[in-house]
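*Asks:* Dropping a prediction and its sequence here:
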Amino acid sequence: MPISEAHVGRSYPATPPYEVTGPKIAEFAAALGDADNPAYQGTDAIAPPTFAVVLAGAAWSSLFGDPELGLSLARTVHVDQRFDWTRPLRRGDEVTAQLRIEKVRVRGGAAFITIAVDLTTTAGEPVAVASSTLLHQEVAQ
């Protein structure tokens, strides 16, 4: 059965812990062209806000790996992204990401899927929620 409104509320196990390290922050900041920003350097470094997509993206594998949903990344467009922050990601954080399906709207051969990924430290501290809307095209019959 392809994804439908019946799948709203489904959640997946959290990803293994991911350590936010100084070199990973520096590499991401450099990719953004912001390597000289002092906030992203030193022992008290924080990660750029969009660094959360690295963690959220790891949780997507459970969604696309769920055989019941019939989703294919190759037939999916990422149409919207939002981050709701409790606090910044910091150097030394160990974070897990847990995905849930929040909304599904099926229109013809396409599904609009809203997902939320909760980013939480291994100590249980909420860090952020990364919400995305995906547009998935079904295979033509």
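*Replies:* Nice, thanks for sending it over. Numbers count the residues shown, from 1 in each chain.

*Asks:* so what's the backbone phi/psi at Val53?
*Replies:* phi -70, psi -30 (degrees, to the nearest 10).

*Asks:* dump the residue contacts of the closest residue to it other than its chain neighbours.
*Replies:* The shortest distance from Val53 to any residue other than its chain neighbours is 6.8 Å, reached at Ala130 (Cβ to Cβ, 6 or more residues apart in numbering). Placement of C-beta: from N, CA and C, glycine included. Listed by Cβ atoms under 8 Å, 6 or more residues apart in numbering, the contact set of Ala130 reads 52-53, 55-56, 81-83, 97, 116-117, 119.

*Asks:* are any of those residues buried, and which?
*Replies:* 52-53, 55-56, 83, 97, 116-117, 119 (16 or more other Cβ atoms under 10 Å).

*Asks:* Contacts only, for the residue most central in space within the chain.
*Replies:* Geometric centre of the chain, nearest residue: Ala56, 2.0 Å, by Cα atoms, centre = their mean. Shown in contact with Ala56 (Cβ under 8 Å, 6+ apart): 97, 99, 117, 119, 130, 132.

*Asks:* Can you get me a residue count around Val127?
*Replies:* 24 (other Cβ atoms under 10 Å).

*Asks:* Shouldn't it be within a strand?
*Replies:* Yes. Assessed with DSSP: H, G, I helix; E, B strand; the rest coil, Val127 lies in a strand.

*Asks:* residues in contact with it?
*Replies:* Val127 touches 52, 85-89, 93, 95, 119-121, counting by Cβ under 8 Å, 6+ apart.

*Asks:* Could you turn the buried ones of these into a PyMOL selection?
*Replies:* Buried members of these, defined by 16+ other Cβ under 10 Å, are picked up in PyMOL with:
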select buried, resi 52+88+89+93+95+119+120+121
